[in-house]
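Undergrad: model this:
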Amino acid sequence: MGDSDASSSAAPGAHEDNDTDRPGFFRRLFDGFGGSAEPQEDAPPGTGEVRHRRHGLANLRRMRVDDVSIPKADIVAVPDTITKDDLVKVFRESGLTRLPVYSGTLDTPVGMAHLKDFALMHGFNGAGARFNLKKILHPLLFVPPSMPIGVLLTKMQTERRHMALVIDEYGGVDGLVTIEDLIEQVIGEIEDEHDTEEGKNWRLEKTGCYLALAKTNLEEFEQEIGIGLTEEEEIDGEEIETLGGLVFVLAGHVPARGEVVPHPAGLEFEVVDADPRRIKRLRVRLPGALGAATAGARVVEAQARQDG
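TA: Numbering: from 1, shown residues only. Okay, here's the model as predicted:
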């Protein structure tokens, strides 16, 4: 997930000013993305189709924190007793820049560790000064699940927090939400420079392994890899248009981040990024022989273009 900021004018009702010549910040922001404040038709869960989901300013009042938060089971967090090498490993494998830190169990959070602070002190390989996790901890923001997301967005901006833990009625941790999760309910999915190459919905990471957006057109990706992904008898491909939709059908639910979903043809889909409602990014691993063949074909094609 990327870092974002927002204006305190996101408070519920801020965009209802009768002075139409001075629209609120989020009205101007959303109009800049070509969106509409009117809700749109919802998409089926897990399809990754942003254009059919309900995005708009109305969500700031309509939606609550528990509508967008990551479930407790999917939170990537570390204990306050973690070693320097293990912390580096978690940062590297999760791809996250912020990690909640707990004492004993996640229900006793003690702060948040930021990759930037760790890197400034120890370098990206974990060298440098003697490791002391407490020195780089930041305070956490705690919110109830019933809070409107517009109120939380304002609170996060005011207190300069990009992450909040959702606390249940017993004081335990129930979920996690980031400022990006909130803003995406207004303007749609936010993609950064680590997602895919500009103008493409996928990129080849290495031989036989692709990183792809869930909204990737299924037919186009099939042409890229040379494999029919809906030809198996157990897959009804008539209603599937995207990679995210295919993975949702294969799993039978919206898979969590880190979950690996196998395909009958021998492929594997690893969920790189997702929220409780939809899949966002996938890592697609082709079967060994097919992966090598695809890579070889790409080399031959590139050589032909160069010779031509």
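
Undergrad: drop to CA atoms for contacts and neighbour counts, all remaining ones
TA: OK.

Undergrad: can you give me the neighbour number for Ala256?
TA: As a burial measure, Ala256 scores 21 neighbours (other C-alpha atoms under 10 Å).

Undergrad: what about it, distance to Lys134?
TA: 30 Å (C-alpha to C-alpha, to the nearest Å).

Undergrad: with Arg278 instead?
TA: 35 Å.

Undergrad: same deal with Pro148?
TA: In terms of C-alpha to C-alpha, Pro148 sits 32 Å off from Lys134.

Undergrad: Gly244 now?
TA: In terms of C-alpha to C-alpha, Gly244 sits 39 Å off from Lys134.

Undergrad: that's a strand at Lys116, yeah?
TA: No. Counting by DSSP: H, G, I helix; E, B strand; the rest coil, Lys116 is not found in a strand; it is helix.

Undergrad: next, count neighbours for it.
TA: By other C-alpha under 10 Å, neighbour count at Lys116 equals 14.

Undergrad: thought Thr97 was touching it, still the case?
TA: Yes. Here Lys116 reaches Thr97: they are 7.4 Å apart, a contact under C-alpha atoms under 8 Å.

Undergrad: does Leu60 lie in a helix or a strand, and which?
TA: Assessed by DSSP states H and E, Leu60 sits inside helix 59-62.

Undergrad: run through the strands of this structure in chain order.
TA: 70-71, 78-79, 98-103, 105-114, 137-138, 141-143, 163-167, 173-178, 202-206, 209-213, 260-262, 268-274, 279-285 (DSSP state E).

Undergrad: compare Arg278 and Lys134 (neighbour count), which wins?
TA: Taking neighbours as other C-alpha under 10 Å, Arg278 and Lys134 compare with Arg278 leading, 24 against 14.

Undergrad: quick one: the helices in the stretch 101-250 of the chain, in order.
TA: With DSSP state H, counting those that start in this stretch as the criterion, the stretch 101-250 of the chain has helices at 115-122, 149-159, 179-187, 218-225, 243-251.

Undergrad: format those helices as TSV; extra columns: distance to Leu106 and mean pLDDT.
TA: TSV is the format used below for the helices of the stretch 101-250 of the chain (distance: least, C-alpha to C-alpha, whole Å; pLDDT from 0 to 100):
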stretch	distance to Leu106	mean pLDDT
helix 115-122	19	87
helix 149-159	21	90
helix 179-187	21	83
helix 218-225	39	90
helix 243-251	28	91
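
Undergrad: out of those, which is the most enclosed?
TA: By mean neighbour count, with neighbours taken as mean count of other C-alpha atoms under 10 Å, helix 243-251 ranks first of the helices of the stretch 101-250 of the chain at a mean of 24.

Undergrad: mind showing which ranges of this protein have poor pLDDT?
TA: Scanning the chain for pLDDT under 70 picks out 1-56, 124-129, 188-199, 233-234, 236-238, 289-308.

Undergrad: now do 50
TA: Along the chain, the parts satisfying pLDDT under 50 run over 1-53, 195-198, 289, 293, 299-300, 302, 306.

Undergrad: now do the helix holding Leu60: which elements does it pack against?
TA: helix 149-159, helix 179-187 (3 or more C-alpha pairs under 8 Å, 6 or more residues apart in numbering; DSSP states H and E).

Undergrad: including distance to Pro262, could those helices go into JSON lines?
TA: JSON lines is the format used below for those (distance: least, C-alpha to C-alpha, whole Å):
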{"stretch": "helix 149-159", "distance to Pro262": "35"}
{"stretch": "helix 179-187", "distance to Pro262": "28"}
